[in-house]
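S.K.: coords please:
(one chain, ligands or ions: 1)
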Amino acid sequence: VEVLVAGVGAGFLLVLLLMVLKDMCVKKNHNLSFSAPPAVKRSLLQSLCGLLHRPSSPSIPGPPCRFLIGNMTELMQDHLPIHLTDLAKRYGNIYRLKCGNTTMVVLSSGDVIREALVKKWSDFAGRSVSYTADIVSGGGRTISLGDYTEEWKAHRRLVHSALQRCCKQSLHDVIERQALQLRKVLINYQGGAVDLSEDFTVAASNVITTLVFGKEYDKSCSELQQLHSCLNEIVALWGSAWISALDTFPLLRKFPNPVFSRLLREVTRRDEIIRKHLNQYKVQSQDNKSTDVITGSLLEGVSKHRKDHDVVLTDVHVHMATVDLLIGGTETTAAWLNWTVAFLLHRPEIQTKVYEELCTVLEGRYPKYSDRHRLPVLCSLVHEVLRLRPVAPLAVPHKAVRDSSIAGYFIPKNTIIIPNLFGAHHDPAVWPDPYSFKPVQERFLEGGGGSPRALVPFGGGARLCLGETVAKMELFLFTAYLLRDFCFCLPDVEAALPDLRGVASVVLKVKAFTVVARPRIRPLS
Ligand code: HEM
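M.R.: Alright, predicted model coming up:
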């Protein structure tokens, strides 16, 4: 009723104002028609709409703000995705948190996430520009951290088309090769108990370095180890409170901060390694730049782009795209593979089901990605692990680039939007018994009620994961190859099952555990 009264009242006010304005114009100049000042009319209308919109839009619920620190303590929890999901039970699937003068809005259901990221993608495609983000992203020139500008759009388009082109030409072969390589490594363990996380990282990283530079590395290669150690360090350090405090409280930048100094060192090291690779690539392929690899495609694209467009893309963009692909494409896929093994140790019978399906449908050969429609049990496993442990559980925060709304709430420009993908995947309204691992029974198989379309592990809209195609093919093929040739078991009957809570930073990882990869008695090839 209040909204209605306010609406009618404001409408009346609007008509009255327009009449007064018309009257004034007419009095001032009899020749001046009312259509003469459209700017005045438009701005009046806009202010009135603004006035109407704000009070009628309820304020977003959220925990009480403390003096000076706002809701900062909520953001310093050890497992942030679980904590934000618990807060959603109290405040709803859309709630706000305050930190300094920044307002964040946390979205914890598929519906509100899709409304913001997909339906209103252009309103929420921004990224927050900050002092520390600028440092790790070469002044906002990575795709993942760059704000929504013309330069960013051109950059993303360029990398997207280079990636698509390379994927079409070689992705399947590249992944198959790494899956077979991984098989060799696992056979060489001869049934010993091992932590496979590093092997998964090497396999995922080799997919990316082959696509990007046409190069793959051995696990023992020092160059690879250096690259991973510094990329991991950067992600971990950047996520730490010591670093984010520099964005919230600029005064702290004046004081010595050893964590920040380490971050600067690692960024310099990262840039040196990547620069070396790019220079090597340029020298090796001076006469014959191959567009089969992403670097070749990007370098060619950058020089063409320079001629045709106002926005200038340079070698720095190629450099930062490499950083994006390596960071985005390594730890995520590796973490997911590790989660799959961890879950399968809890439910060994699922491995048998997938193995039987592979044997029956493929009659001994290794699968192709095009076989996925004939392998529903395997696909259900992939989806259920993605649901329970979306490896980028809070995506990357978005920013409202203009005033907008979500679920009827007014969202002012510059609000930070946190898509809580973990929360959306545990929403009981969509997923009955959301915390249980149910890959095969009720969840995704026919009549199970769960649809992969309700999943949002890759975000959506303008910021949809750039490597979604790569990741989906990797998850399917790596899992298929592993489960066709190995049975994963605990080292001994006394060994503890892996802890499934995980450690959450930018990437959600399972805590280290050891496993035995026992070759299937009669491998089929
Ligand atoms: C299981 C595997 C993966 C998952 C679950 C995943 C998930 C995500 C998510 C949730 C985002 C943020 C989307 C948003 O901000 O709304 C993202 C961004 C991104 N991902 Fe992935 N990702 C995976 C693998 C990959 C791979 C293999 C690559 C590279 C080949 C990659 C490259 C990127 C890049 C460059 C971005 C930034 C996109 C942008 O800001 O426009 N990701 N990913």
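
S.K.: interface residues of the stretch 301-450 of the chain facing the ligand?
M.R.: By C-beta under 6 Å from any ligand atom, the residues of the stretch 301-450 of the chain that approach the ligand are 324-325, 328-329, 332-333, 336, 390-392, 395-396, 419. Every C-beta, even on glycine, is put in place using the N, C-alpha and C of the backbone.

S.K.: which residues of this structure lie near the ligand?
M.R.: Residues of the chain found near the ligand (C-beta under 6 Å from any ligand atom) are 117, 143-144, 156, 208, 324-325, 328-329, 332-333, 336, 390-392, 395-396, 419, 457-459, 463, 465-467, 470-471.

S.K.: now tell me which helix or strand of this protein has the poorest mean pLDDT.
M.R.: Ranked by mean pLDDT, DSSP states H and E, the weakest helix or strand in the chain is helix 38-56, scoring a mean of 47.

S.K.: pull out the buried positions in stretch 180-199.
M.R.: Residues 181-183, 185-186, 189, 194, 196-197, 199 are the ones in stretch 180-199 that count as buried (16 or more other C-beta atoms under 10 Å).

S.K.: and the furthest pair within the residues of the stretch 301-450 of the chain next to the ligand?
M.R.: Greatest spatial distance among those (C-beta to C-beta): Leu325 and Pro419, at 21.4 Å.

S.K.: neighbour count: those two, which is higher?
M.R.: Pro419 (30 against 24; other C-beta atoms under 10 Å).

S.K.: let me see the contact set for Gly138.
M.R.: 271, 316, 319-320, 323 (C-beta atoms under 8 Å, 6 or more residues apart in numbering).

S.K.: tell me where the chain is predicted with low confidence.
M.R.: For the chain, the stretches with pLDDT under 70 are 1-56, 286-291, 305-309, 441-442, 446-449, 522-525.

S.K.: list the contacts of the closest residue to the ligand within it.
M.R.: Nearest residue of the chain to the ligand: Gly467, at 2.0 Å (C-beta to the nearest ligand atom). Applying C-beta under 8 Å, 6+ apart to Gly467 gives the contacts 163, 325, 328-329, 332.

S.K.: picking that back up, tabulate the residues of the stretch 301-450 of the chain next to the ligand in JSON lines, adding columns for distance to Tyr481 and secondary structure.
M.R.: Shown next, in JSON lines, are these (distance: C-beta to C-beta, whole Å; DSSP: H, G, I helix; E, B strand; the rest coil):
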{"residue": "Asp324", "distance to Tyr481": "27", "secondary structure": "helix"}
{"residue": "Leu325", "distance to Tyr481": "23", "secondary structure": "helix"}
{"residue": "Gly328", "distance to Tyr481": "23", "secondary structure": "helix"}
{"residue": "Gly329", "distance to Tyr481": "18", "secondary structure": "helix"}
{"residue": "Thr332", "distance to Tyr481": "19", "secondary structure": "helix"}
{"residue": "Thr333", "distance to Tyr481": "14", "secondary structure": "helix"}
{"residue": "Trp336", "distance to Tyr481": "15", "secondary structure": "helix"}
{"residue": "Pro390", "distance to Tyr481": "23", "secondary structure": "coil"}
{"residue": "Val391", "distance to Tyr481": "20", "secondary structure": "coil"}
{"residue": "Ala392", "distance to Tyr481": "24", "secondary structure": "coil"}
{"residue": "Ala395", "distance to Tyr481": "29", "secondary structure": "coil"}
{"residue": "Val396", "distance to Tyr481": "30", "secondary structure": "coil"}
{"residue": "Pro419", "distance to Tyr481": "32", "secondary structure": "strand"}
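
S.K.: which secondary structure elements does the host helix or strand of Trp242 contact?
M.R.: In the assignment (DSSP states H and E), Trp242 maps to helix 241-248. Contacts defined by 3 or more C-beta pairs under 8 Å, 6 or more residues apart in numbering; DSSP states H and E place helix 241-248 against helix 131-136, helix 258-284.

S.K.: any chance of the contacts of Gly138 in JSON lines, plus neighbour count and secondary structure?
M.R.: Listed next are these as JSON lines, based on neighbours: other C-beta atoms under 10 Å; DSSP: H, G, I helix; E, B strand; the rest coil:
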{"residue": "Asp271", "neighbour count": "15", "secondary structure": "helix"}
{"residue": "Val316", "neighbour count": "12", "secondary structure": "helix"}
{"residue": "His319", "neighbour count": "20", "secondary structure": "helix"}
{"residue": "Met320", "neighbour count": "25", "secondary structure": "helix"}
{"residue": "Val323", "neighbour count": "23", "secondary structure": "helix"}
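
S.K.: which stretches in the stretch 151-300 of the chain count as strands?
M.R.: Taking DSSP state E, counting those that start in this stretch to define them, one finds strands in the stretch 151-300 of the chain at 193-194.

S.K.: to clarify, my last question referred to the stretch 401-525 of the chain.
M.R.: Using DSSP E, counting those that start in this stretch, strands in the stretch 401-525 of the chain cover 404-406, 409-411, 416-419, 486-489, 503-504, 508-509, 515-519.

S.K.: repeat for the stretch 1-150 of the chain
M.R.: Remark: strands assigned in the stretch 1-150 of the chain by DSSP E, counting those that start in this stretch are 94-99, 102-107.

S.K.: want to try TSV for these, with mean neighbour count as columns?
M.R.: Listed next are these as TSV, based on neighbours: other C-beta atoms under 10 Å:
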stretch	mean neighbour count
strand 94-99	21
strand 102-107	23
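
S.K.: and Ala496, how many neighbours?
M.R.: For Ala496, using other C-beta under 10 Å, the count is 8.

S.K.: err, Lys168, not the other one
M.R.: By other C-beta under 10 Å, the residues close to Lys168 number 10.

S.K.: before we move on, what about Asn279?
M.R.: Asn279 has 10 nearby residues by other C-beta under 10 Å.

S.K.: ok so, going back, can you give me phi and psi for the residue of the chain closest to the ligand?
M.R.: phi -100, psi 20 (degrees, to the nearest 10).

S.K.: just want the most central residue of this protein.
M.R.: Ala395 (3.9 Å; C-alpha atoms, centre = their mean).

S.K.: show me where the stretch 301-450 of the chain has its helices.
M.R.: Under the criterion DSSP state H, counting those that start in this stretch, the stretch 301-450 of the chain contains helices at 315-346, 348-362, 376-388, 421-424.

S.K.: got CSV for those helices, with distance to Asn101 too?
M.R.: As requested, those are exported to CSV (distance: least, C-beta to C-beta, whole Å):
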stretch, distance to Asn101
helix 315-346, 29
helix 348-362, 49
helix 376-388, 36
helix 421-424, 25
